[in-house]
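Chemist: just need the structure, nothing else, for what follows:
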Amino acid sequence: MHRKRLIVGSFVLGLIVSTVSLAGARNGPKPEVFPRDSVAYGRTYGEWSAAWWQWSLAIPVANHPLFDKGGCSVGQSGPVWFLGGKVCSTGDPTCDSSSATRTCTVPAGKALFFPIVNTEDSTLEDPGKTIVELRAFAESIIDGTADLTAEVDGVAIPNLKESFREQSTVFGFTLPQDNLLNAVGEGPFAAGTYFPAADDGVYLLLAPLPAGPHVLHFHGAFPAFKFALDITYNLIVQ
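Modeler: Next comes the predicted model:
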């Protein structure tokens with residue numbers, strides 16, 4: 001089992017279907033999340049999840065935001081920004097991949113896309129597998145996840161696994177020399193572009209938040225691997 005796959009753990013505005021309001025917000029406008037079957041900013045959830053992996057795998061570890069070595073603006077472009085969990089390099093005893101608290105400044109008008117839990121498989125990591133087999137592996141891991149929660153400013157988003165689980169479209173990705181897969185103990189893999197890959201995960205696409213401070217918190221567990229993650233983003237939208 002590849003350790004990286006347990007870590008949660010890239011435009012012109014296209015057709016956007018209605019967002020889902022989250023009931024019970026304590027103050028100000030209610031946060032909104034795009035439904036899983038929406039086409040938002042020109043992409044489906046499956047296309048955004050593929051783009052999330054392309055973003056994460058393309059960033060050198062030396063300034064990677066999910067390793068807490070770079071700010072959350074690294075590698076971002078367009079109207080949707082990506083967030084994620086915590087990744088640790090193998091052999092780093094000071095790093096805890098189960099939790100992170102980050103402060104992140106986000107330009108006004110940016111939507112946020114991130115996984116609660118996700119995993120991928122590729123023929124780079126598992127040569128000879130078919131797309132069906134890649135998907136089956138990813139699906140088996142996410143089937144076993146539990147205790148999924150997400151809150152925006154204290155407002156819970158319900159039914160995460162039932163309402164926001166999605167498989168990515170088939171995608172390719174580009175690795176730098178200083179890449180995430182090598183850092184987490186896979187490979188060693190040379191820098192280059194690889195295809196195909198596919199993922200499974202529970203993702204959220206949040207509509208742009210109002211200017212000001214916000215708190216995003218999410219949690220998920222992989223009981224079979226005795227691993228859980230708990231991530232907090234203190235967001236400053238300006």
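
Chemist: so, low pLDDT: which residues of the chain?
Modeler: Along the chain, segments meeting pLDDT under 70 span 1-30.

Chemist: tell me where it has helices.
Modeler: Residue ranges of the helices in the chain, as given by DSSP state H, are 45-58, 131-143, 160-164, 180-183.

Chemist: in the third one, what's buried?
Modeler: Same thing as helix 160-164. Neighbour counts over helix 160-164 (16 or more other CB atoms under 10 Å) mark 160, 164 as buried. All C-beta spots, glycine's among them, are computed from the backbone N, C-alpha and C.

Chemist: list the helices and strands it packs on?
Modeler: Counting contacts by 3 or more CB pairs under 8 Å, 6 or more residues apart in numbering; DSSP states H and E, helix 160-164 packs against strand 146-152, strand 192-206.

Chemist: tell me where the chain has strands.
Modeler: 20-21, 32-33, 39-40, 43-44, 80-82, 99-106, 111-122, 146-152, 155-156, 165-167, 171-175, 192-206, 212-222, 227-237 (DSSP state E).

Chemist: parallel or antiparallel, list what pairs with the third one.
Modeler: Looking back up the chat, that one is strand 39-40. Strand 39-40 sits in its sheet next to strand 43-44 (antiparallel), going by DSSP bridges.

Chemist: for the partner strand, the distance to its chain's centre please.
Modeler: 15 Å (CA atoms, centre = their mean, to the nearest Å).

Chemist: distance to residue 186 added to the strands of the chain, as a markdown table?
Modeler: Below are the strands of the chain laid out as a markdown table (distance: least, CB to CB, whole Å):
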| stretch | distance to residue 186 |
| --- | --- |
| strand 20-21 | 36 |
| strand 32-33 | 32 |
| strand 39-40 | 32 |
| strand 43-44 | 27 |
| strand 80-82 | 21 |
| strand 99-106 | 21 |
| strand 111-122 | 10 |
| strand 146-152 | 25 |
| strand 155-156 | 35 |
| strand 165-167 | 21 |
| strand 171-175 | 11 |
| strand 192-206 | 12 |
| strand 212-222 | 17 |
| strand 227-237 | 17 |
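
Chemist: among those, which is the most enclosed?
Modeler: Neighbour counts (mean count of other CB atoms under 10 Å) averaged over each of those peak at strand 111-122, with a mean of 26.

Chemist: can you tell me how far residue 174 is from residue 188?
Modeler: Between residue 174 and residue 188 the distance is 16 Å, computed by CB to CB, to the nearest Å.

Chemist: one step back: of the strands of the chain, give the one that comes closest to residue 133.
Modeler: The closest of those to residue 133 is strand 111-122. By CB to CB, the value is 8.0 Å.

Chemist: can you list the strands that the closest one pairs with?
Modeler: Strand 111-122 has the following strand partners under DSSP bridges: strand 80-82 (parallel), strand 192-206 (antiparallel).

Chemist: for the closest residue to residue 110 other than its chain neighbours, give me its contacts.
Modeler: Nearest non-adjacent residue to residue 110, counting by CB to CB, 6 or more residues apart in numbering: residue 81, 4.9 Å away. Listed by CB atoms under 8 Å, 6 or more residues apart in numbering, the contact set of residue 81 reads 72-73, 106, 110-113.

Chemist: ok, now residue 102?
Modeler: Neighbour list for residue 102: 65, 68, 72, 231-234 [criterion: CB under 8 Å, 6+ apart].

Chemist: can you list those residues in JSON lines and add distance to residue 196?
Modeler: Formatted as JSON lines, the contacts of residue 102 follow (distance: CB to CB, whole Å):
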{"residue": "65", "distance to residue 196": "26"}
{"residue": "68", "distance to residue 196": "30"}
{"residue": "72", "distance to residue 196": "28"}
{"residue": "231", "distance to residue 196": "28"}
{"residue": "232", "distance to residue 196": "34"}
{"residue": "233", "distance to residue 196": "31"}
{"residue": "234", "distance to residue 196": "37"}
